[in-house]
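Visitor: got a predicted structure plus its sequence, pasted below:
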There are 2 protein chains.
Amino acid sequence: MSVMEMSHRGKEFLSIIQKAESDLRTLLNIPSEYSVLFLQGGATTQFAAIPLNLCKPDDDVDYVITGSWGDKAFKEAAKYCKPRSIWSGKSEKYTKIPSFDSLEQTPGARYLHICANETIHGVEFKDYPKPASENEVLVADMSSNFCSKPVDVSKFGVIYAGAQKNVGPSGVTIVIIRSDLIGNAQPVTPVMLDYKIHADNNSLYNTPPCYGIYMCGLVFEDLIAQGGLSDVEKKNASKAGILYDAIDGSKGFYRCPVEKSVRSLMNVPFTLAKPELEAEFVKEAAKEKMVQLKGHRSVGGMRASIYNAMPLAGVEKLVAFMKDFQASHDG
Amino acid sequence: MSVMEMSHRGKEFLSIIQKAESDLRTLLNIPSEYSVLFLQGGATTQFAAIPLNLCKPDDDVDYVITGSWGDKAFKEAAKYCKPRSIWSGKSEKYTKIPSFDSLEQTPGARYLHICANETIHGVEFKDYPKPASENEVLVADMSSNFCSKPVDVSKFGVIYAGAQKNVGPSGVTIVIIRSDLIGNAQPVTPVMLDYKIHADNNSLYNTPPCYGIYMCGLVFEDLIAQGGLSDVEKKNASKAGILYDAIDGSKGFYRCPVEKSVRSLMNVPFTLAKPELEAEFVKEAAKEKMVQLKGHRSVGGMRASIYNAMPLAGVEKLVAFMKDFQASHDG
């Protein structure tokens, strides 16, 4: 019987989901006072679940908006509490992370929300701001850099991530939450967005996305076998390093708009000094089987997404192509 | 590149989801004024989405409760409107469907909700009650008999179904909704539960469960190749027929508690006159590779779920086993 045919209540699937959780706890060194939930609906569902579970309607919460996903999270929260955008990189086209000293955090806020890596813009938090008080927690959307490097989970109240970038197929969402934050959902919270329901039922309140959870478990096993997240981070840093070096060393033929200190190890956006060459770049790259290099429709340019599963050789091939393309089109 | 690796915005996946929708429209003969949405979160998420999208908080709605799933849907609706249970089979252990004439429907109700097939109890609507007025619509949870037989979609305002029983792996939920009902979600509706968001974005507002949708598409193709849902229904009726005949012909050794006229073609619950034999029945069946025959923990007994994918030979094998088991344990 395949995983797709099993009952999610049978002991076979129970052992699959328990092993997946256990391996994720090992990988991220998740403290025992945190719950791990396997859910559905993507990070976008969590944009509502976070305020619904952590706030009353009159509560203040802070959002640092470093890209499109943080902005979407902020807008959704306005349905359920009083979110304040305490910093936005929009006017600088989302190319920066603020200095934490400069943040004017709201006293008494229930949480401070960040998007740890902005997929579209390629900006990534390298360190994390602190909540303003003991009663506030840090909440992070880590969808696009989850399990790409070690994270000190104890700094966060909630970490959430769609699985589809680094750890599994789309359709699985992982939530890591400090257990004392569970159990205070607003009355209008749909049962499927109530963390208590899922925590009390070990993510088996209704039929979970069994096959996707199985695949995530296989990836967690593989990441452990690779040496854990410190080793994974080293590989990711090497991959991103040669790509950013190629861009920065192109004498302006290629440009990365993101401030150097906060460039993402996962998503590398770049433009060509001659925008009229971009379509040709994409076309020529596709001939060499390098696809999905076009930037998000909202920002244009190019974007190389080099998640865990992209091998170093794939990035080396792209860099070689970029140099050839420049040689034949520069001047 | 596999479906799990594709961008959900690439033309390859677009053609997959469009073909899946088109084939489902063919199978169910879905009128053009209905939208088809591929969502996440199971029917349980729809228990909230239905009232959130179809009602204002003061609106009355009616629920006919023929089993555990209908009861869960009813309870969830109380968060978002004024649901009324106009009939419940609970006192008779959910073994009946009411006569529609006897229903005391609420004048002005926004919708009338049924669960078309109760998975746990094995009761199935063979016909459907009518809304009380032109402004009311019929809403059906068809999770466990979706695509098991033809349905006149035009009788319904909304049909919703988790995919995992008949049409695909868990993690995909299908909603078929009359398009004029879309666009009136309550302000507290999470964006991921707002039908308008998904309809406007062709189910691609955020990353959908791509692999699951791909699998559903393959199943729809196969059901068309089998001759469509009339032929599928005939096969399901044959399968259920020999199983119910075996139960009814066992001189009381086996018993099905469900009223004959509303017995499910999908889920066949039965008990043994000697309950002390049930554990042995399950154990002996497992030896012959027939598993998951134990009834739901809330009702006990046995349950044979014979969804589309169960071949006639599988049911014949079970019936032969039941006769052998009776022969060696009766008297």
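Guide: Alright, I've got the coordinates.
Visitor: going forward, measure contacts between C-alpha atoms and count neighbours the same way
Guide: Fine.
Visitor: may I see the buried residues of the helix of greatest length in chain A?
Guide: Longest helix of chain A, by residue count under DSSP state H: helix A:229-248. Neighbour counts over helix A:229-248 (16 or more other CA atoms under 10 Å in any protein chain shown) mark A:229-233, A:235-237, A:239-240, A:243-244, A:246-247 as buried.
Visitor: do stretch A:45-55 as well
Guide: A:Thr45, A:Gln46, A:Phe47, A:Ala48, A:Ala49, A:Ile50, A:Pro51, A:Leu52, A:Asn53, A:Leu54, A:Cys55.
Visitor: before we move on, back to that, and the longest helix of chain A, what does it pack onto?
Guide: Where contact means 3 or more CA pairs under 8 Å, 6 or more residues apart in numbering or on different chains; DSSP states H and E, helix A:229-248 is packed against strand A:254-255, strand A:267-272, helix A:312-329.
Visitor: give me that answer again for 7 Å
Guide: Counting contacts by 3 or more CA pairs under 7 Å, 6 or more residues apart in numbering or on different chains; DSSP states H and E, helix A:229-248 packs against strand A:254-255, helix A:312-329.
Visitor: any chance of these in a markdown table with distance to chain B as columns?
Guide: Output for the helices and strands packed on helix A:229-248, formatted as a markdown table (distance: least, CA to the nearest CA, whole Å):
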| stretch | distance to chain B |
| --- | --- |
| strand A:254-255 | 24 |
| helix A:312-329 | 14 |
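Visitor: point out the most buried one among these.
Guide: strand A:254-255 (a mean of 20; mean count of other CA atoms under 10 Å in any protein chain shown).
Visitor: need the residues that contact that strand.
Guide: A:Ile247, A:Asp248, A:Phe270, A:Thr271, A:Leu272, A:Ala273 (CA atoms under 7 Å, 6 or more residues apart in numbering or on different chains).
Visitor: make a markdown table from those and add distance to B:Ser261 to it.
Guide: A markdown table is the format used below for those (distance: CA to CA, whole Å):
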| residue | distance to B:Ser261 |
| --- | --- |
| A:Ile247 | 72 |
| A:Asp248 | 75 |
| A:Phe270 | 66 |
| A:Thr271 | 68 |
| A:Leu272 | 70 |
| A:Ala273 | 74 |
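Visitor: surely A:Pro83 meets A:Asp62?
Guide: Yes - shown here, A:Pro83 and A:Asp62 form a contact pair, counting by CA atoms under 7 Å, at 5.7 Å.
Visitor: would you map the helices across chain A?
Guide: A:11-28, A:42-54, A:68-77, A:195-200, A:210-225, A:229-248, A:278-287, A:312-329.
Visitor: output the contacting helices and strands for the shortest one.
Guide: Going back to what we said before, that points to helix A:195-200. Contacts defined by 3+ CA pairs under 7 Å, 6+ apart place helix A:195-200 against strand A:34-39.
Visitor: what does the last one give?
Guide: Helix A:312-329 sits against helix A:229-248, with contacts defined as 3+ CA pairs under 7 Å, 6+ apart.
Visitor: got the angle between the helix it packs on and helix A:312-329?
Guide: Angle of helix A:229-248 versus helix A:312-329, following axes from the mean of the first three to the mean of the last three CA atoms, to 10 degrees, is 0 degrees.
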